[in-house]
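Peer 1: sequence and predicted structure, then a few things I'm wondering about:
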Amino acid sequence: MEQSPSAAPTDDRHWRGSVRLAAGCALVLCALSLLVDWDAGSLTPLRALLWSLLSAAVFTVLLPPRVSAGPGWLAVSTPWSRLVVHTDALVAVRQYDGVSSHLVLRDAYGHRLELDPRTLAANPLLWHELDTGVRRSLEHGTLRHGADVLDRLGHRIDDETVRAVLRASGLS
C-alpha cells in the first residue's frame, strides 16, 4: 500500500513512552538478576548471557504494538509483522470485550488487524483517521458489519474527551 507523499502518517503518541517503560523494566530485571547472581558468587559469563537473553525476551513481550494511520489506512506493527487495513474499504468491525478488549478490523482486500480500542481513545488523530475511513466505507457500501460498534466507540471517546477537557478547565 502506498502513502501519499503530502500526508504524513499519524502515530500513537504514547508509544515511545511505553517502549521506554518496557526497556526500563527489562534493564532493571537484567541488573537485579546479575547483581543477585554476582552476590551469590555464582555469576559466570554463560549465566550473564542467559540473564541478558531473558531480559531481552521480557522487553520483547512488553513491547507494545505501534499503531499508525494515514488517509485510507491503519497499520499495527509488532517486532515480527506489520498489518495494514484499508479503512476506506472496511467490510467488518468486531469488538471483543473481556480481560483484553480489542477491535478486529477486516477490509475488502482480505486484510485483518487487531488493536486495543484504548489506543484510539488516547490518540484523537488516530481515531479521526479511522473515523474518516469508516465514513468512506459506509458511503461506498462496503461496511456491512460493525458500524454500530464504531459508533459506540466514537461516543465513548467523545465522552472521555469532554470529561478530560472539563477536568483540565476546572469545571467538573
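Peer 2: Looks like it came in fine. Numbers count the residues shown, from 1 in each chain.
Peer 1: residues near the nearest residue to R136 once chain neighbours are set aside, how many?
Peer 2: The spatial neighbour of R136 that comes closest, neighbours along the chain excluded (C-beta to C-beta, 6 or more residues apart in numbering), is D88 at 3.8 Å. Backbone N, C-alpha and C define where each C-beta goes, glycine included. By other C-beta atoms under 10 Å, 21 other residues sit near D88.
Peer 1: contacts only, for D88.
Peer 2: Remark: with contacts taken as C-beta atoms under 8 Å, 6 or more residues apart in numbering, D88 is in contact with 72, 133, 136-137, 140.
Peer 1: please, where are all the helices along the chain?
Peer 2: With DSSP state H as the criterion, the chain has helices at 15-39, 45-62, 117-122, 124-140, 147-169.
Peer 1: the first one packs against which elements?
Peer 2: Under the contact criterion of 3 or more C-beta pairs under 8 Å, 6 or more residues apart in numbering; DSSP states H and E, helix 15-39 touches helix 45-62.
Peer 1: still on that earlier bit, could you flag which of the contacts of D88 are buried?
Peer 2: 72, 133, 136-137 (16 or more other C-beta atoms under 10 Å).
Peer 1: now those as JSON lines including pLDDT and distance to A56?
Peer 2: As requested, those are exported to JSON lines (pLDDT from 0 to 100; distance: C-beta to C-beta, whole Å):
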{"residue": "G72", "pLDDT": "92", "distance to A56": "36"}
{"residue": "G133", "pLDDT": "93", "distance to A56": "36"}
{"residue": "R136", "pLDDT": "94", "distance to A56": "42"}
{"residue": "S137", "pLDDT": "93", "distance to A56": "40"}
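Peer 1: turn these into a markdown table, columns for distance to P9.
Peer 2: A markdown table is the format used below for the buried ones among the contacts of D88 (distance: C-beta to C-beta, whole Å):
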| residue | distance to P9 |
| --- | --- |
| G72 | 11 |
| G133 | 13 |
| R136 | 17 |
| S137 | 19 |
